[in-house]
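In: my questions concern the predicted model and sequence given below.
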Amino acid sequence: MTASSAAGARRRWRQPSVLPGFGLTFGLSLGWLTLIVLIPLATIFLKSAGMGWDQFVAVGLSDRALAAYRLSFGTAAAAGLVNALFGLLVAWVLVRYTFPGQKIIGAIVDLPFALPTAVAGIALTALYSPNGWVGRFLDPLGIKVAFTPIGITVALVFIGLPFVVRSVEPVLADLGNDVEEAAATLGATRLQTFSRVIFPAIAPALLTGFALAFARGVGEYGSVIFISGNMPGRTEIAPLLIVTQLEQYNYDGATAIATVMMLVSFAILLALNVVQAAGRHRYGA
Amino acid sequence: MIRVQNVTKTFGDFAALHGIDLEIKPGEFVALLGPSGSGKTTLLRIIAGLEFQDGGEVLFDGEDVSSRSVGERQVGFVFQQYALFKHMTVAENVAFGLSVRRKGRPPKADIRARAEELLRLVQLDGLGKRYPGQLSGGQRQRVALARALAIEPRLLLLDEPFGALDAKVRKDLRRWLRGLHETMGLTSIFVTHDQEEALELADRIVVMDHGRIEQVGTPEQVYMEPASPFVSNFVGETNQLPGGIHVRPHDIDLVASGGIPVVVDNVFRRGGSWRVEGRIEGHDRVVEFDVNAASPAPTLGDTVRIQPLRERQFHKRRL
């Protein structure tokens, strides 16, 4: 290889920057990422690979495990959708209007980030159990929230809300009034302006928010275990199943379930990213 | 005919417009010229229906449109930052106004043909499938213009249409817009803070300051016969000599004797003349004037004598 082509190949790697130390910082980030994320994930694969296919299927794809996956991914998706809708609403109100206490409301949105999830779980269970403040009015109507998948969804909605709000907010703020005004001068109704101008512009951010809330919901443990009731096959989430396996010293079983969850999560996030990238590519710069 | 009658507007404690009266004839190209905060953009937005006046009326062909929404007024509005729909192609942007029509929406093929026709008009044929993000600033501005023209507006309003473009592109686009205005027989109003732009483009200039109209007139009138010290200062360059006398730099001659003694501080070339900056002796008042570059440049530190050829005197404004 000639010197000039080597320099060319190197240039593709290195972005010209006024800040020195690309090699050092890049190496550090990669090393850190490996230590914190890649090695633990690889360990799960290695461990589950050591247990043999039959045993893997027996535990990882057992009826009880399958029910737990369905519950975890289903409630996380439902909560993500609810959050996409109401998170958009909250972001809209925070960006578009000025009102007294706006900063406080903005801070409250972040509370689920900061609050220990167990606290949220206890609070929600107290509210929604059949003799709780809210549950006592729902119970006579035949609606049971605590100790059902609905309760799990409620907890995940609580946990996931800030992800959607914080994803959509900056994009909405950045959108500005002028595109809306432009649509109005061209004769569009408010509904047309929303559906054809605003929504398509914030859809990628909304999808990101949904993906984050969904991913968080799939892995959520602390807030769910109180309100779900943990009945195997009915209200037992997958992360709890892993903990259950660990408590019975069945490390292989726990890893098998973890592997399945990781693969499914990865596939879903990859699909969402592909959709995003396709959108970004279309709009150019 | 567009008529603005005694329009006032306040934002909180700030009075943006004080009783504005203005008439615009069909086919006119009018500039609203003023510094920022003069109320020019507010006036444009009130005419468009993007903002509503607190008092007074806006009449389109004798009809009071004050309570009509922006969509019903059928005005084309070009925004300073283009305000293009980023997720739509250029052709979709241009077609938007037709495709959202509820009554009398043309068939899809017709809309597409119309969009192509407009893109040809703004010299962007063949770029219909691109996205706004893939275009240059000047191209985006022309897309915004084509989009505004698609609804066949009775009035075209432009808010600082060239503000975000670099000097060369701005100049080309200016000339081109003037041509388009003529060939399409549009009635247009544009907002600018650039007096050069107003002088070059407009049939009539409305000079505004602090929410009031200072002067309305042709570029020639506004430049040669400014109605107030503000207009004299804001449109073109002006020296203020003692006694409320305003004189343009090119209306000053050097004389051998008499005149006003000026100490030369700085001399540089501006096109075909020397631009001389100096101070009136004993006054410390800065004076700028032009000397034909065919003659030698005045020497720094020398005292020269100047004679205004053409001056305007303003007395203190009564409030």
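Out: Sure thing, it's come through. Numbers count the residues shown, from 1 in each chain, chains lettered A, B, ... in the order given.

In: contact residues of the stretch 151-285 of chain A facing chain B?
Out: Counting by Cβ under 8 Å from any Cβ of the partner chain, the stretch 151-285 of chain A comes close to chain B at A:176, A:178-179, A:181-189, A:192, A:196-197, A:200-201, A:282-285. Backbone N, C-alpha and C define where each C-beta goes, glycine included.

In: give me that answer again for 6 Å
Out: A:178-179, A:181-182, A:184-188, A:192, A:197, A:200-201, A:283-285 (Cβ under 6 Å from any Cβ of the partner chain).

In: which single one of those is nearest to B:His193?
Out: A:Asp178 (18.4 Å; Cβ to Cβ).

In: which residue, neighbours along the chain excluded, lies closest to that closest one?
Out: Nearest-residue entry for A:Asp178: B:Ala83, 3.9 Å, with adjacent residues in sequence omitted and distances by Cβ to Cβ, 6 or more residues apart in numbering or on different chains.

In: can you name the residues that contact the one you found?
Out: A:178-179, A:182 (Cβ atoms under 6 Å, 6 or more residues apart in numbering or on different chains).

In: can you pull up the most central residue in chain B?
Out: Closest residue to the average C-alpha location of chain B: B:Thr192 at 3.2 Å, with Cα atoms, centre = their mean.

In: check contacts around it.
Out: Taking Cβ under 6 Å, 6+ apart as the test, what B:Thr192 contacts is B:31, B:33, B:198.

In: most neighbours out of those, which is it?
Out: Neighbour counts for those, by other Cβ atoms under 10 Å in any protein chain shown, peak at B:Leu33, which reaches 29 neighbours.

In: in stretch A:190-197, which residues are buried?
Out: Using 16 or more other Cβ atoms under 10 Å in any protein chain shown as the test for burial, stretch A:190-197 gives A:192-193, A:196-197.

In: and it, end to end?
Out: Stretch A:190-197 has an end-to-end distance of 10 Å (Cα to Cα, to the nearest Å).

In: also stretch A:142-157?
Out: Counting by Cα to Cα: the opening and closing residues of stretch A:142-157 are 22 Å apart.

In: next one: that stretch to chain centre, how far?
Out: 19 Å (Cα atoms, centre = their mean, to the nearest Å).

In: pLDDT averaged over that stretch - what is it?
Out: Mean pLDDT, stretch A:142-157: 90.

In: mind listing residues that contact it?
Out: A:75-76, A:78-79, A:82-83, A:124-125, A:128-129, A:217, A:220, A:223-224, A:227-229.

In: so how far is stretch A:173-182 from its chain's centroid?
Out: Here the centre of stretch A:173-182 is set off from its chain's centre by 28 Å, with Cα atoms, centre = their mean.

In: so B:Thr198 is in contact with B:Ile205, correct?
Out: No Thr there; residue B:198 is Ala. Yes: counting by Cβ atoms under 6 Å, B:Ile205 is a contact partner of B:Ala198 at 4.9 Å.

In: what stretches of the chain score poorly on pLDDT?
Out: Since no chain was named, I'll use chain A. A:1-16, A:281-285 (pLDDT under 70).

In: you looked at the wrong chain, it should be chain B
Out: B:316-319.

In: against A:Ile159, how distant is the residue of chain B most remote from its centre?
Out: What lies farthest from the middle of chain B is B:Ser257; by Cα atoms, centre = their mean that is 41.7 Å. As judged by Cβ to Cβ, to the nearest Å, B:Ser257 and A:Ile159 stand 90 Å apart.

In: any chance you could map the strands in the stretch 51-200 of chain B?
Out: B:55-60, B:63-64, B:75-78, B:155-159, B:188-192 (DSSP state E, counting those that start in this stretch).

In: between the last one and strand B:155-159, how many degrees?
Out: It stands for strand B:188-192. 10 degrees (axes from the mean of the first three to the mean of the last three Cα atoms, to 10 degrees).

In: partner strands of strand B:188-192, parallel or antiparallel?
Out: strand B:29-33 (parallel), strand B:155-159 (parallel) (DSSP bridges).

In: now render these as a markdown table, adding distance to A:Ala254.
Out: Compiled in a markdown table, these are given as follows (distance: least, Cβ to Cβ, whole Å):
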| stretch | distance to A:Ala254 |
| --- | --- |
| strand B:29-33 | 72 |
| strand B:155-159 | 63 |
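
In: single out the most deeply packed of the ones you listed.
Out: Looking across these with neighbours counted as mean count of other Cβ atoms under 10 Å in any protein chain shown, the highest average goes to strand B:29-33: a mean of 25.

In: after that strand, which helix or strand is next?
Out: helix B:40-48 (DSSP states H and E).

In: quick check: angle from that following helix to strand B:155-159?
Out: 150 degrees.

In: I'd like to know which elements helix B:40-48 is packed against.
Out: Under the contact definition 3 or more Cβ pairs under 6 Å, 6 or more residues apart in numbering or on different chains; DSSP states H and E, helix B:40-48 sits against strand B:155-159, strand B:188-192.
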